[in-house]
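Trainee: sequence and computational prediction follow.
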Amino acid sequence: MTESTRANSVGATSPSDVQHAPLSSQALRALFETMVLGVVYQDRNGAIIASNPAATEILGLTEVELRGRDSDDARWQAVREDGTPLPGNEHPSMVALCTGRSVRQIVMGIINARDGQRRWILVDAVPELRPGEAQPFRVYTTFSDITLRKQVEEELRRSELELETAQRLAKLGSWEFDPRTGTGRWSAEMYRLTGLDPRDGPPPVAGFWNLIHPADRAALDRIHAQVLRDGQPITALFRSDPARGPVRQLLSRIEAVRDAGGRVVRVLGTLQDITELRRAELERDQLFNLSLDMLSIASLEGYFKSVNPAWTAALGWTAEEVTSRPWLDFVHPDDHAATIAAGEQLRAGQPLWGFENRYRCKDGTYRWIAWNSCPLPDEGLVFAVARDVTAQRAAARALETARRDWETIFQAIGHPVLILDPQQRILAANQAALRAVGRSAEELHGRSCHEVFHAPAGGVPAGCPVLRLVADGAMQTVEMEIEALHGTYLVSCTPVLDAAGQLEKIIHVATDITELKRTERALREREQSLDSIFRAAPVGIGLTVNRVLLRVNERLCAMLGYAAEELVGQPARIVYPTDEDYEYVGREKYRQIAERGTGTVETRWRRKDGRIIDVLLSSTPLDATDFAAGVTFTALDITDRKAAEAEIRKLNAELERRVEQRTAELQAANDELESFAYAVSHDLRAPLRSIDGFSQALIEDCGGALDDTGRQHLGRVRAAAQRMGGLIDDLLNLSRATRRELRRESVDLSALAAGVLADLRAGEPERAVQAVVAPGLTGAGDPELLRVLLTNLLGNAWKFTRGRADATIAFGSLAADEAVRFGTMDRPVYFVRDNGAGFDMAYAHKLFVPFQRLHRAEDYPGTGVGLATVLRIARRHGGQAWAEGRVNGGATFYFTLS
Amino acid sequence: MQPDEHVILLVEDSADDRDLTLRALRQNRIRNAVVVVEDGVEALDYLFGRGRFADRDPAAWPQVILLDLKLPRLDGLEVLRAIRADEHTRLLPVVILTSSREEQDVLESYKLGANSYIRKPVDFEQFVEAVRQLGLYWLVLNERPPLPPGG
């Protein structure tokens, strides 16, 4: 509004015109002009007669424009507060005019003429009456613009509505409570949730507890107290009281507001019905838990976060075990690379379909698992559905194996095999077929079997089984010549039908029977020659079936004195003299046949003339598994041989008796020898001791009475007695070497030889002999006899090196290449070698004979029994002894043990 | 204890061997009294104070018994068995002195508890040496077992 407009309007409706204006002073005029309330005067007809600037502002009309307008004017577009049209006669001013009473605080809407916008105004209308008149002559209306307030109120109402809607949808009620006053406020949803009547207002605290499940009240009470105490927000879940209908799950959040002094001034809270939410969760869990597929949620870092029970069922691990280790831990090492790559794909946000790898079960085995995985990269999660496909894979593999096996068998069949279509075209041929015609598989494919196998004639062979099969649909087997294969074949054709029963393929197998044919012929020929042998053989031959004679040859008839016709068809029993013989042969024959295929039995037969003959029967069944097929036998007349054998037996028995007798005599002689040896050892030596002892006594006691010659004679007597003592000892050794029961144990020959040499050295300490004993020689034998053996050999060596200043004695065993010289490789050859007097090889054979000496006793004293003892001991051990030597060139004595 | 205070019991049937043994003892200056008996029965009579030895001092046990194996009436092994079977004599040293070298005899002697086994050699000088060693050991060096008084 401009100054000029105001001036104009003021000028136009001067207050002086308001004749009955209660106030007309200057001050009132100014108030009228400047007040914020719009004021309009209407005459008794309702036409506007005056208005102030605030009115023109609110209504959007100048004073001039206003003047004369009445309430009925449609341009007001007046509405009631609820938006319905307000007719002119109901405008407050008109009501006041009509009734003569003031109308107060009416809200109505009009259109501002200047901007066309709705204005809300709060209107008071006051009628003016002249004294004595019933009808008002004028009405004035004051009004204020409440458009802004209305808008705010509208906003507030709408937002409250929205909140309520939201609360209803979320089943979330809110409340507040002032602990100081014990009063509170509930949102509409709270009433719906609790089922209380909103008109009753919020219940007291104690009343609210009644709404809660009795079991949950104590806990909620505690929480409530805690919130009041420390003011921390708390969320709690509890259930509604079952007495008030179906139990619902209620989620409550409570928070306290404090004033500056820390006192709780308000408690705020929400209450949410999450029954439906929980049910949905439960249903989802149920789905997860009951699924037969292996469901899992995993982190992209490589751990399962949760897995369903199907996992445990499939792999045996508990959910805890699966989630406690990286998933790669379960994957077969050979699948690690592929699994890591799949994990990369998931991390890149790519879903994974049909990925397969092997997972380890708790029992250590592996299962093939197929995966459909969907990543949520923002969440760092993967949802995966997995399935155990081990059986499928095994089935696929089995199918592949079967196909390969079939192919292998097809190719490996040694006979030409073709697969043909109904038009006799080759679909497949095995290796044997390709080899037979010298073509490749490609060359044969699609060609006619006649063209390939019956060229050059090329025609269809007579009785072709393929054509016959095509004609009548039945399997065919035909023997025929195949030109291309140069032989006789057994051809068999087998139809393969399709699902509809129509001929689809023909399997054509050609078995080469050329050789079979030849064999058949050879067999026939051999049968003929066997038959001539049968007839002409010099032994009896026959065939029995169930011990009935079916065939007999001439020789058999001659043996038995029957004609062939008299024997054939007869039970074999007729040729046996007794039932015992007959049964024994049957029993023994079949027992041997069962053991080694043929049965050979000696028995007796009775000829037709009654004479008994001895027979050697040899029987062989025609079929080892079925004796009923018949048994062939040969029969040899051994009557003469048996008689000869009986004679031999008689002679043998006589011989045996004689041997026994001789053995007994020998034993007696041995026993005598033994007692003789004992007597020699004891009785024969006693007189020698007397001779020697008293000779010595004579020398000692009467030496003075003897001259040198006498003393020499006595010396000779003593020497002779001592030599005879030695001879007796040696003879005893020899006898003991023979008689002694042989023990066998491992003997350390090296140690034994060293001991003997030490004794020899002790006996003659003045001699310088270099003795060498090879270490570690052992032999199996009698330690006592082996000691005697070594004592003799080493004693000889000791004795025969007496004349040498550089005497050397060695005990050892020959190396294998040396032992070969004596043809003894399988056992050690021991030797005693010296560089002494040696001997002439011409007399070597006499060395080991008792009492044979090659040296004069004066030169080398000895009895001639020692080497005989050595040989005897070696032989008793299963060995041998021998010697090599040269006169004055030393000697080597060898011996072996078993 | 003086060695010569104790007797040596020599059991030997051959007069030659008796004399030679006594000679060998003498040559080795072994001055113990030697009681000579000629067979096994007499040997046991002496030891157990029977027969002609009924008046023997029961406390005087021989220092050592030299026992031949081949004896009339009761042979050496029987004598040895009887000595070892009696509690008074079972600890007496017994040296087998024989010409037998049969392994069986040696084995049997040791089995019955002979303390030594000496084979009489033909060479007298060797015999003298054997007796010397025997005397040295059994009469000088060996500590006698405590023996109960004879019965």
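Mentor: Arrived safely. Numbering: from 1, shown residues only, chains lettered A, B, ... in the order given.

Trainee: hey, let's count contacts and neighbours off CA atoms from now on
Mentor: Noted.

Trainee: so what secondary structure elements neighbour whatever helix or strand A:Glu443 lives in?
Mentor: A:Glu443 is part of helix A:441-444 when elements are defined by DSSP states H and E. Applying 3 or more CA pairs under 8 Å, 6 or more residues apart in numbering or on different chains; DSSP states H and E, one finds that helix A:441-444 contacts strand A:426-429.

Trainee: quick one: end-to-end length of stretch A:824-833, please.
Mentor: 19 Å (CA to CA, to the nearest Å).

Trainee: which ones are touching whichever residue of chain B sits closest to chain A?
Mentor: Nearest residue of chain B to chain A (CA to the nearest CA) works out as B:Val122 at 4.4 Å. For B:Val122, the contact set (CA atoms under 8 Å, 6 or more residues apart in numbering or on different chains) comprises A:685-686, A:688-689, A:692-693, A:721-722, A:725.

Trainee: would it count as being in a helix?
Mentor: No. If the criterion is DSSP: H, G, I helix; E, B strand; the rest coil, then B:Val122 is coil and not within a helix.

Trainee: so what pLDDT did it get?
Mentor: What the model reports as pLDDT for B:Val122 is 84.

Trainee: equivalent analysis for A:Val568, please.
Mentor: In this model, A:Val568 carries a pLDDT of 91.

Trainee: give me the number of residues near it?
Mentor: If you count neighbours by other CA atoms under 10 Å in any protein chain shown, A:Val568 ends up with 17.

Trainee: report all helices and strands that the longest helix seen in chain A contacts.
Mentor: Counting by DSSP state H, the longest helix found in chain A is helix A:639-679. Judged by 3+ CA pairs under 8 Å, 6+ apart, helix A:639-679 is in contact with strand A:612-621.

Trainee: run the last query once more with 10 Å
Mentor: strand A:612-621, helix A:708-739 (3 or more CA pairs under 10 Å, 6 or more residues apart in numbering or on different chains; DSSP states H and E).

Trainee: against chain B, how distant is the residue lying closest to A:Ala844 once chain neighbours are set aside?
Mentor: Excluding the flanking residues, the one nearest A:Ala844 by CA to CA, 6 or more residues apart in numbering or on different chains is A:Ala883, at 7.0 Å. Using CA to the nearest CA, to the nearest Å, one gets 30 Å for the distance from A:Ala883 to chain B.

Trainee: next one: A:Gln712
Mentor: Look at A:Gln712 and chain B: by CA to the nearest CA, they are 16 Å apart.

Trainee: now A:Arg279
Mentor: Taken as CA to the nearest CA, the span from A:Arg279 to chain B is 105 Å.

Trainee: what's the first helix or strand after the strand or helix carrying that residue?
Mentor: A:Arg279 is part of helix A:275-290, with elements assigned from DSSP H and E. As assigned by DSSP H and E, the chain's next helix or strand after helix A:275-290 is strand A:294-299.

Trainee: and A:Phe143, that one's in a strand?
Mentor: Yes. According to three-state DSSP, the state of A:Phe143 is that of a strand.

Trainee: that one bridge partners, please.
Mentor: Beta-bridge pairing of A:Phe143 under DSSP bridges involves A:Gly38, A:Val123.

Trainee: can you give me the neighbour number for it?
Mentor: 23.

Trainee: and for A:Gly704?
Mentor: That count, for A:Gly704 with other CA under 10 Å as the rule, works out to 11.

Trainee: so for the longest helix of chain A, mean pLDDT?
Mentor: Mean predicted lDDT for helix A:639-679 stands at 85.

Trainee: kindly report the same for stretch A:700-707.
Mentor: 84.

Trainee: buried ones in it?
Mentor: Neighbour-count burial for stretch A:700-707, counted by 16 or more other CA atoms under 10 Å in any protein chain shown, picks out no residue.

Trainee: any chance you could list what contacts it?
Mentor: A:694-699, A:710-712, A:714 (CA atoms under 10 Å, 6 or more residues apart in numbering or on different chains).

Trainee: by neighbours, which of the contacts of B:Val122 wins?
Mentor: Going by other CA under 10 Å, A:Gly693 tops the contacts of B:Val122 with 27 neighbours.

Trainee: buried ones among the contacts of stretch A:700-707?
Mentor: A:694-699, A:711, A:714.

Trainee: which pair of the residues you listed spans the longest distance?
Mentor: Across the buried ones among the contacts of stretch A:700-707, no pair lies farther apart than A:Phe694 and A:Arg711, at 12.9 Å, counting by CA to CA.

Trainee: next one: phi and psi at the residue of chain B positioned farthest from its centre?
Mentor: Outermost residue of chain B with respect to the C-alpha centroid, by CA atoms, centre = their mean, is B:Asp123; its distance is 21.2 Å. Per-residue torsions, B:Asp123: phi -70, psi 120 (degrees, to the nearest 10).

Trainee: the one 10 residues further on too?
Mentor: For B:Gln133, the backbone dihedrals (degrees, to the nearest 10) come out as phi -70, psi -40.

Trainee: ok, it - contacts?
Mentor: Per CA under 10 Å, 6+ apart, neighbours of B:Gln133: B:28, B:127, B:139.

Trainee: list just the nearest of those residues to A:Ala429.
Mentor: Of all these, A:Ala429 sits closest to B:Phe127, with 109.6 Å by CA to CA.

Trainee: got a list of what the nearest residue to A:Ser299 once chain neighbours are set aside touches?
Mentor: In this structure, A:Ser299 finds its nearest non-sequential neighbour in A:Leu381, 4.6 Å apart by CA to CA, 6+ apart. Going by CA under 10 Å, 6+ apart, A:Leu381 touches A:297-305, A:346-347, A:374-375.

Trainee: over to A:Ala653?
Mentor: For A:Ala653, the contacting residues are A:647, A:659, by CA under 10 Å, 6+ apart.

Trainee: apply 8 Å and report the result again.
Mentor: The contact partners of A:Ala653, by CA under 8 Å, 6+ apart, come to none.

Trainee: how close does it get to A:Glu660?
Mentor: 11 Å.

Trainee: next: B:Leu139.
Mentor: Counting by CA to CA, the gap from B:Leu139 to A:Glu660 is 57 Å.

Trainee: how about A:Thr323?
Mentor: 94 Å.

Trainee: ok, now A:Glu527?
Mentor: From A:Glu527 to A:Glu660 the distance is 57 Å (CA to CA).

Trainee: enumerate the residues of the stretch 551-700 of chain A near chain B.
Mentor: Neighbours of chain B within the stretch 551-700 of chain A, by CA under 8 Å from any CA of the partner chain: A:678, A:681-683, A:685-686, A:688-690, A:692-694, A:696.
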